[in-house]
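Participant: Here you go, sequence then predicted model.
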Amino acid sequence: MNLAGRCMSGKKIVSTTTTEEKQVQEAYAKSFTYICEYITKQIIENSNVERMTMIKRYLQYIKSHYPDFYNPNYKTYKLKAKLWKHFGGRIQFWQPNYKSELVYPNELPKGAAVETAFEVACSEEGRLKEAAFMLRRLILDFFNDSQPLPWPPSSAYLLSKQSELPSLLIHFIMSYLLSGN
């Protein structure tokens, strides 16, 4: 009999949560706490505007701290619903027609949030911060997914596909090295 059937029949329901399920719940709870602390400080207290792509921070936290429970297919709308429930009216979401959703403090009018997001996206500091975050994520993902490096590395290893860097990182390095010419 399924859970609904047991509830309707009045039978006592015994929790069947396994140790692994508890570990998954704990991992997601700690990760959610991490992203909530970030939102409290950066968005609510500092009145910053962020794109909903900050979910990458949440997923990166899970991947680096709980790799066995990392789910690359995690849906943004699930986190958004949890954040909405947790923060209530203290944060707002706004979906532009062409970009990822903005998250901003409730006290900030939507027009000011859009203006702030535009200024950050167009500023050198904002673009540099976004690029640094992306490169850091690429490097950490590459490091976490790679096999231990033999030391000293052989020429065969260095020429193998195992040591191939992410294409965006190679593109960044090439752009940096060739930008002076």
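Facilitator: All right, it came through fine. Residues are numbered from 1 along each chain as shown.
Participant: residue contacts, the spatially most central residue of the chain?
Facilitator: The chain has residue 56 as the residue nearest its centroid, 1.7 Å off, counting by CA atoms, centre = their mean. By CB atoms under 8 Å, 6 or more residues apart in numbering, residue 56 lies in contact with 133, 137. Where you see a C-beta, it was placed from the backbone N, CA and C, and this is true even at glycine.
Participant: how deep is residue 37 tucked in, by neighbour count?
Facilitator: By other CB atoms under 10 Å, the residues close to residue 37 number 10.
Participant: Could you check how far it is from residue 87?
Facilitator: 12 Å (CB to CB, to the nearest Å).
Participant: One more: residue 81?
Facilitator: 11 Å.
Participant: Which helix or strand contains the nearest residue to residue 166 once chain neighbours are set aside?
Facilitator: Nearest residue to residue 166 in three dimensions, chain neighbours excluded: residue 138, at 4.7 Å (CB to CB, 6 or more residues apart in numbering). Element membership for residue 138, per DSSP states H and E: helix 124-145.
Participant: Where do the strands of the chain begin and end?
Facilitator: For the chain, the strands defined by DSSP state E occupy 50-51, 91-94, 102-105.
Participant: Tell me which of the ones you listed is the most buried.
Facilitator: strand 102-105 (a mean of 22; mean count of other CB atoms under 10 Å).
Participant: so what does it touch, helix or strand wise?
Facilitator: In terms of contacts (3 or more CB pairs under 8 Å, 6 or more residues apart in numbering; DSSP states H and E), strand 102-105 is packed against strand 50-51, strand 91-94, helix 110-122.
Participant: one step back: now do the helix holding residue 138: everything it contacts.
Facilitator: Taking CB under 8 Å, 6+ apart as the rule, helix 124-145 contacts 56, 60, 63-64, 67, 119-121, 165-166, 168-169, 172.
Participant: Now with 6 Å, please.
Facilitator: 120, 166, 168-169 (CB atoms under 6 Å, 6 or more residues apart in numbering).
Participant: Show the pLDDT at the nearest residue to residue 70 once chain neighbours are set aside.
Facilitator: Spatial nearest neighbour of residue 70, chain neighbours left out: residue 63 (4.3 Å); criterion: CB to CB, 6+ apart. Residue 63 is assigned a pLDDT of 78 by the prediction.
Participant: just residue 36 next, same as before
Facilitator: Residue 36 is given a pLDDT of 90.
Participant: what's the distance between the residue nearest to it when sequence neighbours are not counted and residue 19?
Facilitator: Setting aside the residues directly before and after it, residue 36 is nearest to residue 86 in space (CB to CB, 6+ apart), at 6.1 Å. As judged by CB to CB, residue 86 and residue 19 stand 26 Å apart.
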